[in-house]
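Student: based on what follows, work out the 3D shape:
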Amino acid sequence: MSDKLVYLTKESPALWRVTLNNPPVNIFGPKTIPQLNEIITAIESDEKLKVVIFESAIEGFFMTHYDFLSPAEETNSLPPGPTGLLPLPDMLVRLSRAPVVSIAKIRGRATGVGSELSLACDMRFASREKTIMGHFEVGAGIVPGAGDMARLPRLIGRGRAMEVFMSADDFPGDIAERYGYVNRALPDAELDSFVDTLARRIACFDKQALSETKRFVDIASLPPDYEVGAEMIVCYASIGRPATQTKIKKLLDRGLHTAGDAETRLGYHVGQINQ
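Tutor: Sure thing, here's the model as predicted:
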């Protein structure tokens, strides 16, 4: 099997696609980080690139949570990124500020890291029938960690962000659209065509006009680095707590990390382990 978990396709000099491909459920972990970092670096530095689409090759999963089975030292040994932040928040901050337009095309579960990646993109479009958004972490005793608490309240408001985090539940595509979690939730059969048409339209525009417009929108909307950086440190500490490890073990016993009910209904199972 290939060890490549993230694929970059250059559809044209102005339009790239990044495909997430870690079967069976698109878990994100320390092996994904250097591959995604290489792509983020290319996105930042390419002079002709205008639009990048993030999508998934795994049926039912855009991207889920972090890899709870990988040894902690694999993550802890990774150096900070160019921003000085830990690797995952570093990459997401850099993606948010890159002088290109980033679009998350969400089909399947975008929970945990999947939500964090989509929130770091400039726009999010979802399959109405097949998308699930959310953050299960609090229900597992974990503090969310890669900038989601800095980004989501700015996007959907404090009350709704509190509902997402504190309920630790699943939010289907139509509710995600209503809350402003995604730009639009489209019928699944229309999602690909809509995103491709929009991306190609933007890719025809002047790069300087795009990047300078984005820069001023960023000033009004992006959180400062210190808000993002603190989350990841607290997240890692929360995962190491004995009570959290007990909850994670209960989820693993129910089938977390494998294709099945625990992953497809993670919000439900997080509630059950706390009964």
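
Student: beta-bridge partners for residue 103, please?
Tutor: Going by DSSP bridges, residue 103 is paired in beta bridges with residue 53, residue 123.

Student: from residue 65, how far out is it?
Tutor: Distance of residue 103 to residue 65, computed by CB to CB, to the nearest Å: 22 Å. Glycine gets a C-beta too; all of them are placed from N, C-alpha and C.

Student: repeat that for residue 95.
Tutor: For residue 95 relative to residue 65 (CB to CB), the value is 19 Å.

Student: of those two, who's got more company?
Tutor: The neighbour comparison of residue 95 against residue 65 (other CB atoms under 10 Å) goes to residue 65, with 27 against 22.

Student: next up, the contacts around the more buried one.
Tutor: 27-28, 111-114, 136-137, 266 (CB atoms under 8 Å, 6 or more residues apart in numbering).

Student: switch the cut-off to 10 Å
Tutor: 25-29, 109, 111-116, 135-137, 140, 142, 251, 256-257, 263, 266 (CB atoms under 10 Å, 6 or more residues apart in numbering).

Student: mind checking which of those residues are in helices?
Tutor: The helices, defined by DSSP state H, take in 113-116, 251, 263, 266 from those.

Student: need those in JSON lines with neighbour count, can you?
Tutor: Below are these laid out as JSON lines (neighbours: other CB atoms under 10 Å):
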{"residue": "113", "neighbour count": "25"}
{"residue": "114", "neighbour count": "28"}
{"residue": "115", "neighbour count": "33"}
{"residue": "116", "neighbour count": "27"}
{"residue": "251", "neighbour count": "22"}
{"residue": "263", "neighbour count": "24"}
{"residue": "266", "neighbour count": "27"}
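
Student: out of those residues, what pair is the most spread apart?
Tutor: 116 and 251 (18.8 Å; CB to CB).

Student: how near is residue 230 to residue 249?
Tutor: Taken as CB to CB, the span from residue 230 to residue 249 is 27 Å.

Student: of these two, who's got more company?
Tutor: Taking other CB under 10 Å, residue 230 and residue 249 do not tie; residue 230 has more neighbours (16 against 13).

Student: so that one touches residue 89, yeah?
Tutor: Yes. Counting by CB atoms under 10 Å, residue 230 does reach residue 89; the two are 9.5 Å apart.

Student: which stretches in this structure count as helices?
Tutor: 32-45, 72-76, 87-97, 113-120, 148-156, 158-167, 173-179, 188-203, 207-221, 225-239, 242-253, 261-264, 266-273.
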